[in-house]
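In: Using only what follows, build the 3D model:
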Amino acid sequence: MNRVWRVVLVGWILSGSSVVAQSSILNEPDVQASAKAGLDALYDLQFEEAESHFQTITEQYSDHPIGPFLEALTLWWTILLDLTETAYDEAFYAAMGEVITRSDERLDMDESDFDAMFFKGIALGFRGRLRSNRRDWIRAAADGRRAMGYVLAVADADTTNHDFAMGRGLYQYYAALIPERYPFVRPITAFLPPGDRLGGLFELERTARDGYYMQTEAMYFLAQINYLYEKDFQACVRQISWLRDKYPGNSFFHTLEGRIYASWHQWQASDTVFTDILERYKTQQTGYTPAMAEQALYFLARSHITRGEASAALLHLLSLEALTARLDTDSYFKVAGRLYQGIAYDLIGDRGQAIARYREVLKMKRWGSSHTNARRYLEDPYPATGQRD
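Out: Numbers count the residues shown, from 1 in each chain. Model prediction:
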């Protein structure tokens, strides 16, 4: 259900009307140079360098909505690196609120102000993305509805701009995907203009190939789409390889690379990636948070399970349990790790410990099929027929 609502929110955020193109801060040579250098540093998690580049823009354009938006990007990435940590949420919301306030002030003077529409739309979109990650569906949906129109309006205003094509591409893709993939939400999306799945991918690939500001974002969205929906392994590998080669210090992209290999059961490749991630976490490399280590431990354990190496899997799973003990809530990997402990104990032949773990899972937060699988393995020890990973 979580993924469904995120898809719906993307549709709301990216539907729209039109606006006349005009001069924009995004076309200023000094802004282009500083912003591009800052973004490249940001994506490689070199936050201090990124902020120094962004500061040259915010100081020169002190009243413009671009200032608080750029200043919030390091907050955004700090949040992405460990979504179980909420300490930075309020500061991020405040920054997006300031972007919206400054944009509204410009729109009060000129309702077709190009920069105001662009930055208001993107601020609402980012705020909605975080609220959806926090399962704050009502306010996330409200942000999506308020953002409606801005991204497509900007894209329609300048059809030659490769960066703005990304917004249109995301809308076209998800507007086609939603009713096809999730028929029960069709009444919610019926008011949206029709989508075009292939057309959307074409626009995203255009931005990923030729975009200036948004090239990396487009490449990431393409990797995510091909991973989650298109199930195109070769495309995923191409896109994540581009991201990893360009930003070798980005732990978020590094972890996604491992998950892609694991999703296609390329366990040798995923083991190499996740072993490297775990080592970087142990040596406290920037960006390699406990959340990244959790994923590494979980997928390394799953790899051992597929080979019947239950004792080796259990060592990783017990380390995962110790790491997630810091959390007050039942995160996905905390619950999944407990489930796989039960599986490992079943493989070892310790049915009593396996039953205890499955019962613990049923007392924890439901994530996907966690409760269904726990009940199944309580009745029929893993590996039951057709249940082997």
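
In: Any figure for the gap between the residue nearest the centre of the chain and residue 116?
Out: Centroid check for the chain by Cα atoms, centre = their mean gives residue 80 as the closest residue, at 7.3 Å. Using Cβ to Cβ, to the nearest Å, one gets 26 Å for the distance from residue 80 to residue 116. C-betas here are computed from N, CA, C, even on glycine.

In: what about this protein, any weak spots by pLDDT?
Out: Scanning the chain for pLDDT under 70 picks out 1-22, 144-145, 148, 182-193, 384-389.

In: buried residues in the helix or strand where residue 153 lies?
Out: Per DSSP states H and E, residue 153 falls inside helix 150-157. Using 16 or more other Cβ atoms under 10 Å as the test for burial, helix 150-157 gives 150-157.

In: I'd like to know which of those residues is nearest to residue 135.
Out: For these, the minimum distance to residue 135 (Cβ to Cβ) is 23.8 Å, reached by residue 151.

In: quick one: residue 75 and residue 93 touch, right?
Out: No - in this structure residue 75 lies outside contact range of residue 93 using Cβ atoms under 8 Å: 9.7 Å.

In: now for the helix holding residue 153, which elements pack on it?
Out: Helices and strands touching helix 150-157, by 3 or more Cβ pairs under 8 Å, 6 or more residues apart in numbering; DSSP states H and E, are helix 114-133, helix 165-181.

In: The last one - contacts with which helices or strands?
Out: With contacts taken as 3+ Cβ pairs under 8 Å, 6+ apart, helix 165-181 sits against helix 2-13, helix 150-157, helix 186-189, helix 197-210, helix 215-225.

In: now the angle from it to helix 197-210?
Out: Using axes from the mean of the first three to the mean of the last three Cα atoms, to 10 degrees, the inter-axis angle of helix 165-181 relative to helix 197-210 is 150 degrees.

In: Pull the distance from helix 165-181 to the chain's centre.
Out: 17 Å (Cα atoms, centre = their mean, to the nearest Å).

In: What residues of it count as buried?
Out: 165-179.

In: Can I get that helix in CSV? Just the C-alpha atoms.
Out: What follows is helix 165-181, C-alpha atoms only, in CSV (Å, rounded to 0.1, in the frame of the first residue of the first chain):
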residue,chain,number,x,y,z
ALA,A,165,11.3,17.2,-19.6
MET,A,166,11.9,15.2,-16.5
GLY,A,167,8.7,16.4,-14.8
ARG,A,168,6.6,15.7,-17.9
GLY,A,169,8.3,12.2,-18.2
LEU,A,170,7.5,11.3,-14.6
TYR,A,171,3.9,12.4,-15.0
GLN,A,172,3.4,10.5,-18.3
TYR,A,173,4.9,7.3,-16.9
TYR,A,174,3.1,7.2,-13.5
ALA,A,175,-0.2,8.4,-15.0
ALA,A,176,-0.1,5.4,-17.2
LEU,A,177,1.2,3.0,-14.5
ILE,A,178,-1.3,3.9,-11.8
PRO,A,179,-4.5,2.6,-13.4
GLU,A,180,-2.7,-0.3,-15.1
ARG,A,181,-0.9,-1.5,-11.9
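
In: Just put the helices and strands packed on helix 150-157 in JSON lines and tack on distance to residue 305.
Out: Listed next are the helices and strands packed on helix 150-157 as JSON lines, based on distance: least, Cβ to Cβ, whole Å:
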{"stretch": "helix 114-133", "distance to residue 305": "28"}
{"stretch": "helix 165-181", "distance to residue 305": "29"}
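
In: among those helices, which is nearest residue 289?
Out: Residue 289 lies closest to helix 114-133 among those, at 15.3 Å (Cβ to Cβ).

In: mind checking how far residue 201 is from residue 115?
Out: Taken as Cβ to Cβ, the span from residue 201 to residue 115 is 28 Å.

In: Can you classify the residue nearest to residue 176 when sequence neighbours are not counted by secondary structure?
Out: Of all residues not flanking residue 176 in the chain, residue 195 sits nearest, at 3.2 Å (Cβ to Cβ, 6 or more residues apart in numbering). Of the three states, residue 195 takes coil under DSSP: H, G, I helix; E, B strand; the rest coil.

In: Contacts only, for residue 195.
Out: 171-178 (Cβ atoms under 8 Å, 6 or more residues apart in numbering).

In: let's go with 6 Å and repeat that
Out: For residue 195, the contact set (Cβ atoms under 6 Å, 6 or more residues apart in numbering) comprises 172, 175-176.
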